[in-house]
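Asker: Quick one: sequence and predicted model below, then my questions.
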Amino acid sequence: MPLTEPQRSQRAFLRVLRISARCIIIFTTLEDAWMLKYSIADRLLIFFCYHLASLRLCGKHYRMKNTRKPEAEKLGWDVKNSTLLFESQWYDLRQDTITLPSQDHITYTYVEHPGCVFVVPITAQNEMILIHSYRYPIDAWCWEIPAGNLGDRAEDSPEEVARQELKEEIGGISQRLEFLGRFSLINGFGKLYGHYFLARNVEMPDSQSLEASEVIDKIELFPLSRVRHMICEGVIHDAESAFAILLALQNLP
């Protein structure tokens, strides 16, 4: 009969204990010249530090306290191990093995994202500026607002990144940037918070400064009434931009 996941985890843990016991015996009885100057207590400390580092380098955590998710801990979700499957400055992919209060065992794989910003640009004439952008993951063109990732700008505040995106994507500046809120975007399969801003009296004195992967073929001004219809008609089908626009319209005449 094949072993269950808990049985495999238990066997792996017992194997580590057996290896650790043998290593302790070796470390406490070793008489090499460089070890003679250390007491048995010091040798044990050296061993445990070395062993802990080895486990971390292997990416395996046989037991961890669920300090990252206090609400899950209150619910009795016991995280047995947590592993980073993929890591980058843009986002991480993490996989957790969890025992539920019912004693069911689940594996939860989810995204950890540093966050992003969205800026709704409005001119002094009360027109909204939209960009027509190509999005490779869906292989489609989208009407959007300026937006950007916080991952490569960890030292900057969301407001600073919002101003940078406004300048890079439409060559725009705004003397009045209003914070609209912080919202969770993908809570079913990841941790990603979006920071939303309304930029008033936007001017576009400069040219764009796009990244290599950014493709924007149009920058157009629309009356506010037209933008609302574009969302209802599906012309604006980027959900994040649609939400940001509707949020901003609540703060506009």
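Answerer: Great, that's in hand.
Asker: mind showing which ranges of the stretch 101-250 of the chain have poor pLDDT?
Answerer: Within the stretch 101-250 of the chain, no stretch has pLDDT under 70.
Asker: how about the strands of it, start to end?
Answerer: Here the stretch 101-250 of the chain has its strands, by DSSP state E, counting those that start in this stretch, at 105-112, 116-121, 127-135, 140-144, 147-149, 176-184, 190-191, 193-200, 216-223.
Asker: could you dump the ones you listed to CSV with mean neighbour count?
Answerer: Quick note: C-beta positions are derived from backbone N, CA and C, even for glycine. Below are those laid out as CSV (neighbours: other Cβ atoms under 10 Å):
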stretch, mean neighbour count
strand 105-112, 13
strand 116-121, 26
strand 127-135, 19
strand 140-144, 17
strand 147-149, 20
strand 176-184, 13
strand 190-191, 18
strand 193-200, 22
strand 216-223, 13
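Asker: could those be laid out in CSV, adding distance to H237?
Answerer: Below are these laid out as CSV (distance: least, Cβ to Cβ, whole Å):
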stretch, distance to H237
strand 105-112, 22
strand 116-121, 15
strand 127-135, 10
strand 140-144, 7
strand 147-149, 15
strand 176-184, 19
strand 190-191, 21
strand 193-200, 17
strand 216-223, 15
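Asker: quick one: which of those is nearest E168?
Answerer: With Cβ to Cβ as the measure, strand 147-149 is the member of the strands of the stretch 101-250 of the chain nearest E168 (7.6 Å).
Asker: could you say what helices and strands the closest one packs with?
Answerer: In this structure, strand 147-149 makes packing contacts with strand 116-121, helix 158-170, judged by 3 or more Cβ pairs under 8 Å, 6 or more residues apart in numbering; DSSP states H and E.
Asker: Break this protein into its domains for me.
Answerer: 1-62, 63-112, 116-249 (automatic domain parsing).
Asker: most tightly surrounded among the ones you listed?
Answerer: Comparing these by mean neighbour count (mean count of other Cβ atoms under 10 Å), domain 116-249 ranks first with a mean of 16.
Asker: For it, measure first residue to last.
Answerer: Using Cα to Cα, to the nearest Å, the end-to-end distance of domain 116-249 comes out at 20 Å.
Asker: Relative to the whole chain's centre, how far out is that domain?
Answerer: Centroid displacement of domain 116-249 relative to its chain, using Cα atoms, centre = their mean, to the nearest Å, is 19 Å.
Asker: Can you add distance to L180 and give the helices and strands packed on strand 147-149 back as CSV?
Answerer: Output for the helices and strands packed on strand 147-149, formatted as CSV (distance: least, Cβ to Cβ, whole Å):
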stretch, distance to L180
strand 116-121, 8
helix 158-170, 11
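Asker: do you know how far the residue most central in space within the chain is from A162?
Answerer: With the centre of the chain defined as its mean C-alpha position, the nearest residue by Cα atoms, centre = their mean is H113, 0.7 Å away. Counting by Cβ to Cβ, to the nearest Å, the gap from H113 to A162 is 17 Å.
Asker: Then A154?
Answerer: In this view, A154 and A162 are 15 Å apart by Cβ to Cβ.
Asker: And for T97?
Answerer: According to Cβ to Cβ, T97 stands 38 Å off from A162.
Asker: repeat for L150
Answerer: Applying Cβ to Cβ to L150 and A162 gives a distance of 10 Å.
Asker: With Y196 instead?
Answerer: In terms of Cβ to Cβ, Y196 sits 9 Å off from A162.
Asker: next one: G234
Answerer: To A162, G234 is 27 Å away according to Cβ to Cβ.
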